[in-house]
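>>> A predicted structure for the sequence below; I have some questions about it.
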Amino acid sequence: MIQGDKRLRVVFAGTPEFAATSLQRLIEQQSILNIEIVAVYTQPDRKSGRGQKITASAVKKVAIANNIPVEQPVSFSLKYNPEQGVSGKVSRETLEKYRPDVMVVAAYGLILPLGVLGIPKFGCLNIHASLLPRWRGAAPIQRAILAGDTLTGITIMRMNQGLDTGDMLYKNICPITDMDTAQTLHDKLALLGADAIVTVLQDLPNYQKKAEKQIDNEATYAEKIHNTEGQINWQDSAENIHRQIRALNAYSYLHDERIKVLAAQSIKQDQVTTEPAAKIVSVGKKAILVSCGTSNDGMKRLINLTVLQWAGAKPLNTEQIANSNKINDGDYFEMVD
């Protein structure tokens, strides 16, 4: 964004890879956009992985690699939290010292109160992974797949006190294919998000002038994903189960063993069956066929599982499974009560 010879002072706030993609792009485009990223805000380092080692966020790693100051407050709330031992007053004062013109926020994970949203001269812009007002909230990518949406995208919005309710400045559309998973869609949207924020910052006054209010009665909410949502109910339709596998950490039980279902083929509409739900109809080298519940058209279909993982073991493809005798024709996955 050109402001004469003055660079726009940008504070970036984000935590995971989705946000790191946009941060990296903004760093690369600083000269072209006439901006200066003066600070990066991210969640405190946390334990992760099997070894539970304290690990910096993806955003922090990008900031450090580019010599950008990093701030990791635990809260911006003015209410003192004795467990955290800090007040958000200090966090706000630190942010003010950076004199931000704009704050770019992407999957930050920390609530920004009204007093914080008002600190940057041109407000706070959020990179949201849906076409608002559809899928406001924590898990828009997974919810879009679960719902069978064929389109999603990125919305750049001006943040307010509500949950993803702010005025929309720009949208970038992304198709959802029937083989997109939460990870592949995440990666596509991360790149689109980076494109979108660059586009907006190139002409911020114009996009702010044309900001569009959301229609609240068209909103849907992407609630946080719970682990139990991953358990497959084989009475459900093959189409819904396929979406569940693509969107979540799907799993089922066989012989009292928990098995992750990592991948499945697209549903074949002519692959109908009369077998009971949860029955493993065929274990072959190209697919493991499992009978599902009734679809909307009244037909029962098979789902073709292609990658499974037993606890403590590596993922196995169908050929490896067929040669292992871990699953046999006629076995049944456990039903959900």
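Cool, got the structure.
>>> May I have the secondary structure class of the residue nearest the centre of the chain?
Nearest to the mean C-alpha position of the chain, counting by C-alpha atoms, centre = their mean, stands residue 141 at 5.0 Å. Secondary structure for residue 141, judged by DSSP: H, G, I helix; E, B strand; the rest coil, is helix.
>>> wait, it sits on residue 185?
Yes: in this structure residue 141 lies within contact range of residue 185 using C-beta atoms under 8 Å: 5.3 Å. For glycine as for every other residue, the C-beta is placed from the backbone atoms N, C-alpha and C.
>>> Would you mind measuring from the residue nearest to the centre of the chain to residue 154?
According to C-beta to C-beta, to the nearest Å, residue 141 and residue 154 sit 11 Å apart.
>>> any residues in contact with both of these two?
Listed contacts common to residue 141 and residue 154 are 129-130, 189; contacts here mean C-beta atoms under 8 Å, 6 or more residues apart in numbering.
>>> Looking at those residues, which are in helices?
Using DSSP state H, residue 189 are the members of the shared contacts of residue 141 and residue 154 that sit in helices.
>>> for the strand ranked longest in the chain, the distance to its chain's centre please.
Ordering each strand of the chain by length in residues (DSSP state E) puts strand 300-310 first. Remark: strand 300-310 is offset 24 Å from the chain centroid, using C-alpha atoms, centre = their mean, to the nearest Å.
>>> What lies in contact with that strand?
237-239, 241-242, 257, 259-265, 267-269, 271-275, 277, 281, 287-295, 315-318, 321, 326-327.
>>> Quick one: buried ones out of these?
Among those, those scoring as buried are 237-239, 241-242, 259-265, 267, 271, 273, 277, 281, 287-293, 295, 316, 318, 321, 326-327 (criterion: 16 or more other C-beta atoms under 10 Å).
>>> So in that sheet, which strands flank the lowest-mean-pLDDT helix or strand in the chain, and in what orientation?
Sorting the helices and strands of the chain by mean pLDDT, DSSP states H and E puts strand 46-48 at the bottom, at a mean of 84. Take DSSP bridges as the rule and strand 46-48 pairs in its sheet with strand 53-55 (antiparallel).
>>> Past the partner strand, which element shows up next along the chain?
Counting by DSSP states H and E, the next helix or strand C-terminal to strand 53-55 is helix 58-65.
>>> Run through the neighbouring helices and strands of that following helix.
For helix 58-65, the packing partners by 3 or more C-beta pairs under 8 Å, 6 or more residues apart in numbering; DSSP states H and E come out as strand 8-14, helix 17-28, strand 35-41, strand 70-71.
>>> Now the ones you listed in TSV, please, with extra columns for distance to residue 207, mean neighbour count and mean pLDDT.
Output for the helices and strands packed on helix 58-65, formatted as TSV (distance: least, C-beta to C-beta, whole Å; neighbours: other C-beta atoms under 10 Å; pLDDT from 0 to 100):
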stretch	distance to residue 207	mean neighbour count	mean pLDDT
strand 8-14	13	25	98
helix 17-28	16	21	98
strand 35-41	15	22	98
strand 70-71	27	16	98
